[in-house]
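A.B. asks: prediction below, plus the sequence it came from.
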Amino acid sequence: MSTVIQTEVVIVGAGPCGLFQVFELGLLGIKAQLVDSLAHPGGQCTELYPEKPIYDIPALPVCGAQELVDRLLQQIRPFGAGMHFGHEVTGVAKREDGRFDVVTAGGLQFDAGAVVIAGGVGSFQPKKLGVEGLDAFEGSHVFYRVQSAAAFHGQRLVIFGGGDSALDWTLDLADKAASLTLVHRRPEFRGAPASVEKMKALVAAGRIRFVEGTAESVLKNGEAFAGIRVKGSDGVAQDLPADRVLAFFGLHPKLGPIAEWGLALEKKALLVDTEKFQTSVPGIFAVGDINTYPGKKKLILSGFHEAALAAFGIQAYLYPAKRQFLQYTTTSPVMQKRLGLADEAAPGT
Ligand SMILES: Cc1cc2nc3c(=O)[nH]c(=O)nc-3n(C[C@H](O)[C@H](O)[C@H](O)COP(=O)(O)OP(=O)(O)OC[C@H]3O[C@@H](n4cnc5c(N)ncnc54)[C@H](O)[C@@H]3O)c2cc1C
């Protein structure tokens, strides 16, 4: 029989915003349990662009996406949040006493005072190439994300896509691959104009190829992967021998189970207020890419702000009689104690 984990807050999603939610709750002395369906923390940063630099995190002129996640993990360490990876939250139900039953597909059960949904784009799935027989080579020869760029060095590459990810990786790998062909279904690209210009310059210099077309079938040498056949926009098929195929067609916004918890939605996002970032169900809050409100911008720093205000909203929900104070980490002995700094802080600071 599985035991029910008692907690003040369950946070659904351990992307950057879910991680920072632990911190903001921790400063207020509130304990949390983090649950994510992925096998590791970091959400999109870790899953989609771990090696890319981020330039718009306040006070960090440049920070790698995985580095940001590592720093957040370090920052929340003092608060000792429970972490449960590889567990998809399938059910959140409010009880009559105002608390919540939270369950995962694998059978974890929580009894929580409040819930924060930091589910990003949900259980996100990359859009696939849709070519018969290609799935068998996914993860070995066919990739929808780059976890380690070095794995593609010295290889004959075919990259599909017309957005920023396809262009960025084309530019990044052009000099490191044995050969590189970029395939896009039309001559116009959605990516940044500067990247398009750089890519065209590489094509003009003969350092990479560009093919206008779409994937048609997998090329095999016996059972071994040998490349991909592309149907050109003129209808003519072309074989592209390759060691690795990368495709960047974006993500399916797949909310998954979150859509079934009876919360008000707008365009597949959870509607929240901008005072507490509470959803249509009191006690359930939502921060980061998963929420929407007038003026919403899906940026990490927006999610950080939302997490700070949600923490105060959660405190008020859990402890309505408690007076709220704004305290500074620089000067609050209570917060410094929570941060594990009490012994190090100089008296009177
Ligand atoms: C290529 C790229 C570059 C980017 N560059 C920048 C940038 O420079 N600056 C910037 O500010 N933003 C950038 N972003 C956007 C940024 O990554 C997102 O705004 C950010 O990741 C949102 O964080 P989040 O915590 O809300 O959600 P996510 O990072 O999406 O994490 C959500 C987590 O919730 C989990 N989850 C979902 N549903 C469930 C469930 N039912 N049960 C358990 N777990 C669940 C998911 O597995 C996921 O790990 C970029 C995005 C991409 C794709």
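C.D. replies: Ah, there it is.

A.B. asks: surely Y328 forms part of a helix?
C.D. replies: No. Looking at Y328 with DSSP: H, G, I helix; E, B strand; the rest coil, it is coil, so not inside a helix.

A.B. asks: count of neighbours near the nearest residue to Y144 once chain neighbours are set aside?
C.D. replies: For Y144, ignoring the flanking residues on the chain, the nearest one in space by CB to CB, 6 or more residues apart in numbering is P126 at 3.6 Å. No exception for glycine: its C-beta is placed from N, CA and C like everyone else's. Counted by other CB atoms under 10 Å, the residues lying close to P126 total 18.

A.B. asks: measure P126 to A150 for me?
C.D. replies: The spacing between P126 and A150, counted by CB to CB, to the nearest Å, is 21 Å.

A.B. asks: same thing with D56?
C.D. replies: Applying CB to CB to D56 and A150 gives a distance of 27 Å.

A.B. asks: before we move on, what about K200?
C.D. replies: Spatial separation of K200 from A150 under the definition CB to CB is 27 Å.

A.B. asks: tell me which of those two has more neighbours.
C.D. replies: Between K200 and A150, counted using other CB under 10 Å, the more crowded position is K200 (13 against 10).

A.B. asks: excluding chain neighbours, what is closest to the more buried one?
C.D. replies: Once flanking residues are discounted, K200 sits nearest to F210: 7.9 Å by CB to CB, 6+ apart.

A.B. asks: could you look up the SS state of the one you found?
C.D. replies: On the basis of three-state DSSP, F210 is classed as strand.

A.B. asks: I'd guessed G162 sits against F189; true?
C.D. replies: Yes. Using CB atoms under 8 Å, G162 is in contact with F189, at 4.6 Å.

A.B. asks: pass me the low-pLDDT residue ranges in the stretch 1-150 of the chain, would you?
C.D. replies: Using pLDDT under 70 as the threshold, the predicted model of the stretch 1-150 of the chain has low-confidence ranges 1-2, 124-125.

A.B. asks: quickly find the element holding G113.
C.D. replies: In this assignment (DSSP states H and E), G113 forms part of strand 109-117.

A.B. asks: partners of that strand, with directions?
C.D. replies: Sheet partners assigned to strand 109-117 using DSSP bridges are listed as strand 4-12 (parallel), strand 100-104 (antiparallel), strand 284-286 (parallel).

A.B. asks: quick one: contacts of the last one?
C.D. replies: Identification of contacts with strand 284-286 by CB atoms under 8 Å, 6 or more residues apart in numbering yields 92, 94, 100, 114-119, 261, 263, 270, 272, 276-279, 310, 313-314.

A.B. asks: can you go through those and name the buried ones?
C.D. replies: Burial of the contacts of strand 284-286 was assessed by neighbour count (16 or more other CB atoms under 10 Å); the buried members are 92, 94, 100, 114-119, 261, 263, 270, 272, 276-279, 310, 313-314.

A.B. asks: among those residues, name the ones in helices.
C.D. replies: With DSSP state H as the criterion, helices contain A310, G313, I314 from among those.

A.B. asks: do you know how far the residue of the stretch 201-349 of the chain found nearest the ligand is from G13?
C.D. replies: Taking CB to the nearest ligand atom as the measure, the stretch 201-349 of the chain has G288 as its residue closest to the ligand, at 2.1 Å. In this structure, G288 and G13 are 7 Å apart, going by CB to CB.

A.B. asks: same question for S233.
C.D. replies: Counting by CB to CB - S233 and G13 are separated by 40 Å.

A.B. asks: residues of the stretch 101-250 of the chain that sit close to the ligand?
C.D. replies: Residues of the stretch 101-250 of the chain that fall close to the ligand, judged by CB under 6 Å from any ligand atom: A118, G119, G120, V121, G122, S123, S165.

A.B. asks: I'd say the fifth one and G256 touch.
C.D. replies: Put plainly, it is G122. Yes. Under the criterion of CB under 8 Å, G122 is in contact with G256, at a separation of 4.7 Å.

A.B. asks: compare those two and say which is more crowded by neighbours.
C.D. replies: Between G122 and G256, counting by other CB under 10 Å, G122 is the more crowded of the two (22 against 16).

A.B. asks: which non-adjacent residue is nearest the more buried one?
C.D. replies: Counting by CB to CB, 6+ apart, G122 lies nearest to L255, which is 4.1 Å off, once chain neighbours are set aside.

A.B. asks: neighbours of the one you found, how many?
C.D. replies: If you count neighbours by other CB under 10 Å, L255 ends up with 18.

A.B. asks: contact partners for it?
C.D. replies: With the criterion set at CB under 8 Å, 6+ apart, L255 makes contact with G119, G122, L265, K268.

A.B. asks: what segments of the stretch 101-250 of the chain are helices?
C.D. replies: Chain-ordered helices for the stretch 101-250 of the chain, with DSSP state H, counting those that start in this stretch as the definition, fall at 164-173, 193-204.

A.B. asks: can I get these in a markdown table including distance to P78 and mean pLDDT?
C.D. replies: Rendered in a markdown table, the data for the helices of the stretch 101-250 of the chain read as follows (distance: least, CB to CB, whole Å; pLDDT from 0 to 100):
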| stretch | distance to P78 | mean pLDDT |
| --- | --- | --- |
| helix 164-173 | 35 | 95 |
| helix 193-204 | 41 | 97 |
